[in-house]
Structure formats: structure tokens, C-alpha cells
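**Q** predicted structure and sequence below. I'll ask about it afterward.
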Amino acid sequence: MADVELPDGRHLDHTVIRLRPVAVAAVVNDRDEVLLLWRHRFITGAWGWELPSGGIGEGEDAAAAAARELEEETGWRPGPMKLLLAVDPMPGISTSHHRVYWSDHADYVGPPEDGFESARREWVPLSQVPDLVARGEIRNANAVAALMVLHHLRRS
């Protein structure tokens with residue numbers, strides 16, 4: 001709980017969840033497919049497609065963290081990572097800041113080190129993203145934002 005002072009000087013108690021920054025990685029291949037993870041989230045009890053992501057270590061470069069997470073979770077090593085967007089998924093309650101990076105190619109280097117984090121990893125056509133979001137198969141806020149931006153950019 002935090003004591004929050006409103007602009008008019010009033011105070012109120014407010015829940016604040018403090019989290020370290022998160023790096024998110026997307027790779028789009030030359031067939032306009034994006035590498036996604038199919039995973040279960042026990043908190044919501046839901047299965048869905050997500051982008052590889054994880055906490056940025058103290059002093060770690062965010063782009064390097066995104067590349068590391070992609071390789072650990074998928075077994076694919078991305079090319080140079082470019083900043084796509086930065087989002088604060090829950091700014092009314094959390095300090096969590098997500099930086100999403102993307103690359104236009106990756107090389108398969110072997111089975112994922114953190115393969116236990118997802119049931120499968122697949123290249124999914126970007127053209128399917130709006131329908132997957134509409135059906136609730138992509139629910140993670142950073143993935144929805146990033147994939148919709150990539151879908152738009154790659155169609156332009």
C-alpha cells in the first residue's frame with residue numbers, strides 16, 4: 001500500500017505492485033510469420049499465444065535481454081533487435097515497464113533451454129493475429145500490442 005497524494009492535495013491509500021522492467025522479443029521471418037509460444041498461465045487458468053519475455057537483469061541491456069529470452073525460450077537466436085514499442089500494461093497499479101524488440105530473422109540453434117515454459121513453439125502467420133486476438137487466443141497485453149503493431153507495419 002502506498003500513500004498517494006492526488007493533484008488536489010487529498011491523500012488515499014493505493015495498492016502498488018513494484019516489478020522490474022520486462023524485455024519482450026518478436027521475430028518475423030521472410031514469410032511474414034512470427035515465432036510464438038503456446039503456454040498456460042496458472043493465475044488466469046488460460047492457454048494462449050505469447051511472445052518470449054522476461055525480466056531485465058540489473059545493468060543488462062534491454063535489447064540483449066530480449067534476445068536472451070527469445071533464445072532461452074524458443075531455441076532460436078535472433079538477428080539484430082530493434083525497439084518496436086514500450087508499454088506499461090497496468091500503469092494504475094504496477095510499475096512494470098515492457099520494452100518490445102523485434103528482428104526480421106533468427107537462426108535455430110537447438111532445443112530451448114527453458115522449453116518447460118511453453119507446450120509448443122510455432123511460426124504463426126501475422127495475417128492470423130487479428131483473429132487470434134479477437135478469439136482470445138492472444139491475451140497477454142504486451143503480445144497484443146506488439147503483434148498488432150507488427151501486423152500493421154508488415155501490411156504497409
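**A** That came through, no problem.

**Q** from here on, just use CA atoms for contacts and neighbour counts.
**A** Fine.

**Q** buried set for the top helix by length along the chain?
**A** Scanning the chain for the helix with the most residues, using DSSP state H, yields helix 141-155. Of the residues in helix 141-155, N142, A143, V144, A145, A146, L147, M148, L150, H151 count as buried by neighbour count, 16 or more other C-alpha atoms under 10 Å.

**Q** mind listing the residues bridging to the residue nearest to the spatial centre of the chain?
**A** Centroid-nearest residue in the chain: V24, 3.9 Å away (criterion: C-alpha atoms, centre = their mean). On the basis of DSSP bridges, V24 is bridged to S53, V100.

**Q** do you know how far it is from I56?
**A** Separation of V24 from I56 (C-alpha to C-alpha, to the nearest Å): 10 Å.

**Q** now do D88
**A** For D88, the distance to I56 (C-alpha to C-alpha) stands at 15 Å.

**Q** quick one, which of these two is more surrounded?
**A** I56 (22 against 16; other C-alpha atoms under 10 Å).

**Q** could you measure from that one over to H97?
**A** From I56 to H97 the distance is 10 Å (C-alpha to C-alpha).

**Q** what of G48?
**A** Taken as C-alpha to C-alpha, the span from G48 to H97 is 21 Å.

**Q** thinking again about what came up before, shared neighbours of I56 and H97, anything?
**A** R20, P21, V22 (C-alpha atoms under 8 Å, 6 or more residues apart in numbering).

**Q** what subset of the residues you listed is buried?
**A** Buried among those (16+ other C-alpha under 10 Å): P21, V22.

**Q** that older thread, the longest helix of the chain packs against which elements?
**A** Applying 3 or more C-alpha pairs under 8 Å, 6 or more residues apart in numbering; DSSP states H and E, we find helix 141-155 packed against strand 82-87, strand 98-103, helix 129-134.
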